[in-house]
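>>> Pasting the sequence and the predicted coordinates here, then a few questions.
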Amino acid sequence: MFTSSIGKKYLMALSGLVLIGFVFVHMAGNLQILMGQEKINAYAHALQSLPLPILWGSRLFLLAAVIIHAITAYQLVKENRRARPNQNYIETTKRAGLASLRMGLTGSILLAFIVFHLLHFTIRTIYPEYSEMMTVVGSPDSNEIHDVYSMVLAGFQHTWISVFYIVAMFLLCGHLAHGVSSAFQSLGFRSENWRGKLELTAKAYAWLIFTGFSIVPLLVLAQNWGIITIFDITASTETLASN
């Protein structure tokens, strides 16, 4: 079944729904940085302290969802091109829309962003000094834990990184605005009666995700430019200097 076009659409839709849910949970967790150093550090430490089967099981599950989503999307694009080697671009543009036509491109860029994000904040190979950021703020037992608060603020003080994150989240917004509605259509849950409402909900969700993920780098940039003061950036710069 899953080698057919319909089966591939099911796989892409189901894996897409998994990722749609994940980005919301991830966004909600990240926004705890707005509540201060103790809150975000305690949250991050709690995640890292999960039992290994749960921690790595969830990571492998998400990795599988990303791989399945990317592979099935690539296969479906190839099949569509073979089916319509001389497609009418004007008519297609009228029926689909820019987001639909660029799903493959935005998906490829977002895949590259995911790799960068993991190397930046999770594996920390781009800036190895982030691994040395330790603190007792947010620790449940007064032992030193990783200072996620300082790491994130230090990361977004690089203007090019903040801009890259914001642009990537804008592309994710467009991807979600089309993808959420398409996932329900592929699974047969979208009817003409509530198609408009579903598309409106998808766009609202997409902009919510964009806002939630972009607000922190935007605030850090604004603070660096002297527009506002909301984060204790001194702590992150002092931590880097001491290392």
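Here it is on my side, so go on.
>>> in the chain, which spans are helices?
5-30, 37-48, 52-83, 89-95, 98-101, 103-117, 148-156, 159-186, 195-224, 233-242 (DSSP state H).
>>> winner for burial among the ones you listed?
Per-residue neighbour counts averaged over each of the helices of the chain give the maximum for helix 148-156, namely a mean of 24 (mean count of other C-beta atoms under 10 Å). Just so you know, the C-beta spots here come from the backbone N, C-alpha and C atoms, and that holds for glycine as well.
>>> Run the chain-centre distance for it.
17 Å (C-alpha atoms, centre = their mean, to the nearest Å).
>>> just stretch 17-24 next, same as before
Remark: stretch 17-24 is offset 9 Å from the chain centroid, using C-alpha atoms, centre = their mean.
>>> Can I get it as PDB, trimmed to CA atoms?
Provided in PDB are the C-alpha atoms of stretch 17-24 (Å, rounded to 0.1, in the frame of the first residue of the first chain):
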ATOM      1  CA  LEU A  17       0.800  15.800  11.600                       C
ATOM      2  CA  VAL A  18       3.500  14.400  14.000                       C
ATOM      3  CA  LEU A  19       5.800  17.300  13.100                       C
ATOM      4  CA  ILE A  20       3.000  19.800  13.200                       C
ATOM      5  CA  GLY A  21       2.300  18.800  16.800                       C
ATOM      6  CA  PHE A  22       5.900  18.700  17.700                       C
ATOM      7  CA  VAL A  23       6.700  22.300  16.600                       C
ATOM      8  CA  PHE A  24       3.900  23.600  18.800                       C
END
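>>> Now do it, average pLDDT.
Averaged over stretch 17-24, pLDDT sits at 95.
>>> next one: stretch 151-159
The average pLDDT within stretch 151-159 is 94.
>>> Once you drop chain neighbours, what's closest to Asn143?
Nearest residue to Asn143 in three dimensions, chain neighbours excluded: Val136, at 7.1 Å (C-beta to C-beta, 6 or more residues apart in numbering).
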